[in-house]
Structures are given as structure tokens and as C-alpha cells.
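*Asks:* this is a predicted model, with the sequence first.
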Amino acid sequence: MDRGLKGKAALVSGASKGIGRAIVARLVAEGMQVLGTARGGCDVPGAVGFPADLRDPAAPSAVVARAVEAFGRLDLVVNSAGATRRGDFLALDDAAWTDSYAGKFFAAMRLTRAAWPHLMATQGSVVHVAGAGGKIASADFTIGGSVNAALMNLTKALADRGVQDGVRVNCINPGSIRTDRLTGRITTVMQEQELDEAAAADALAKATGVARFGEPEEIAAVVAFLASAEAGYIQGAILDVDGGWIRAV
């Protein structure tokens, strides 16, 4: 299916692995010019890799400038960077909170702010990749839950601004997706319950209340849809892509 993305330019953060890397690969396959940024760069064939640590307040502007220099335009920004710390609330110090907010929320805010004038010029769009934990509170995910909730609120606020500026802003909440982080959680269940990998994965999925775990490529497909003209009337949406994990309205 031709989504009308050929020749357009995208900037994707968190592009070295997992969901971010899958998004880069999908957008390249759609014919987009893509700059993928992460601390480790991006090795997706056909994409431009640009190593950057978005926790540095100056990095987002430099990344946007590099993308515009490479492509001469910018049509899409996907904020997929930032793993947040999981753990007991009383055991998490200020440094853990500061690092998690810097790497995910502030990185997304600054990258979007730097890209906004360019997105206005192309009537482009922004997609934030937050997470189901922003809607489902958990005592061992206090940082990630609050960061994701903040990204959802930022989505709505920027979408309001985007109505007048011609920039669409939406948010995806992935559920349990097969990434390195999920693999680590499966390993923990294996050790705690003395199960093999398949049984541990099944137990974790059932505990979450889903039939299976999602794949990074499934999140990437939703990003491609939201960036396309087909989604032109979708503004400020919070889209749960979680296999039915979030059951609240």
C-alpha cells in the first residue's frame, strides 16, 4: 500500500534497537528519507545514522539541524527514545528520576520544539511513543508510569497548538513488546519461577492479560499509518497498541 510517504523526511529517536529501529526500517521501506538517532547511532540500511545523547539539552537541536541539512526538509518526528528505571519507589534516588525524565520526556519535548518550525513548513506530524504504563499504575514502575503519563498530556497540549500551526501530534502506547527489555523481564520470571523461556514468556503474558506479546514491527506499522494522509484527521490521539492490556475507558 502506498501511504504517500515516498520522498518525505523523518527523524526517529531511540533508533539503535527495539521499537525505534523497527520504526526506522519501516519508514525506509515506505520510501522516506530517515535520520535515526541514538547514543549508539543507527545501522538500518538506507537510513542516515547520527549518534547523539538526547539527555544533553543541546543535543536535540543539533539532531534536528543535521536532519534538515541532510534532507532539506522535515515531515515527521518520532520520539521513541528513553528507557526509564523500574524498581521500588523507596529505592529510586533523585538521579534515577532525573535521568529517566531527561532521556524520555525532556528529550521528546526538546526534539519536538526544535523541529516544530520545520514541521509547520511541511504540514508534518509528530508521533510520541509512550507506553501502557502511563495508564496502568504500578508500584515498581513509578518513574516510567509518570513519564509516559506526562508524554500523553504533552501530546494533547501540542495537538492543540498543532491545530493552528498545521502540525499533527499523536501518541502510541505500546504494551508488552518483544524487545531486549522484555527479554530481561522474561529471564527474571524464569529464575523466580524456575521455568524455561517459553513457559516464562507464557506466564508473563497471562499475568498481563494478553494472548501474546507484540512485535516492534507492529508498532512501526502504526507509526507509518499515523504519518500518512490516511490519518489526516487524527489529532491528539492516544492510541493503545497493547493486545488488550488496558481495559479502562
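*Replies:* Arrived safely, thanks for sending.
*Asks:* which helix or strand lies directly C-terminal to the lengthiest helix in the chain?
*Replies:* When the chain is parsed with DSSP state H, its longest helix is helix 142-165. Using DSSP states H and E, the helix or strand that directly follows helix 142-165 along the chain is strand 168-174.
*Asks:* which neighbouring elements make contact with whichever helix or strand comes after that next one?
*Replies:* With elements assigned by DSSP H and E, the helix or strand that comes after strand 168-174 is helix 180-193. On a contact count with 3 or more Cβ pairs under 8 Å, 6 or more residues apart in numbering; DSSP states H and E, helix 180-193 meets helix 197-208. Backbone N, C-alpha and C define where each C-beta goes, glycine included.
*Asks:* and the helix or strand following the helix it packs on, how far from the chain's centre?
*Replies:* For helix 197-208, the following helix or strand on the C-terminal side (DSSP H and E) is helix 216-227. Taking Cα atoms, centre = their mean, to the nearest Å, one finds the center of helix 216-227 at 10 Å from the center of the full chain.
*Asks:* let me see the domain layout of this structure.
*Replies:* 9-177+215-238, 178-213 (automatic domain parsing).
*Asks:* to residue 249, which of the ones you listed lies closest?
*Replies:* Smallest distance to residue 249 across the domains of the chain (Cβ to Cβ): 10.5 Å, for domain 9-177+215-238.
*Asks:* endpoints of the closest one, how far apart?
*Replies:* 23 Å (Cα to Cα, to the nearest Å).
*Asks:* next one: stretch 5-23
*Replies:* 14 Å.
*Asks:* contacting residues for the nearest residue to residue 190 once chain neighbours are set aside?
*Replies:* Using Cβ to Cβ, 6 or more residues apart in numbering and skipping the chain neighbours, the partner closest in space to residue 190 is residue 200 (4.2 Å). The contact partners of residue 200, by Cβ atoms under 8 Å, 6 or more residues apart in numbering, come to 186, 187, 189, 190, 193.
*Asks:* on that earlier part again, contacts for the longest helix of the chain?
*Replies:* 79, 82, 84-86, 89, 92, 96-97, 100-101, 104-105, 108-109, 112, 116, 120, 126, 128, 130-138, 167-171, 173, 235-236, 238.
*Asks:* in strands, which of those residues appear?
*Replies:* 79, 126, 128, 168, 169, 170, 171, 173, 238 (DSSP state E).
*Asks:* average pLDDT for the longest helix of the chain?
*Replies:* The pLDDT scores in helix 142-165 average 97.
*Asks:* and the domains of the chain, which is most packed in?
*Replies:* Comparing those by mean neighbour count (mean count of other Cβ atoms under 10 Å), domain 9-177+215-238 comes out on top with a mean of 20.
*Asks:* just to revisit the earlier point, which ones among the contacts of helix 142-165 map onto helices?
*Replies:* Reading helices off those with DSSP H, I get 96, 97, 100, 108, 109, 112, 116, 120.
*Asks:* find the nearest non-adjacent residue to the second one, please.
*Replies:* What that stands for is residue 97. In space, residue 97 is closest to residue 143, 5.8 Å off (Cβ to Cβ, 6+ apart).
*Asks:* how close does the one you found get to residue 174?
*Replies:* According to Cβ to Cβ, to the nearest Å, residue 143 and residue 174 sit 17 Å apart.
*Asks:* and if you look at residue 19?
*Replies:* Relative to residue 174, and taking Cβ to Cβ, residue 19 is found at 6 Å.
*Asks:* that'll do, ta.
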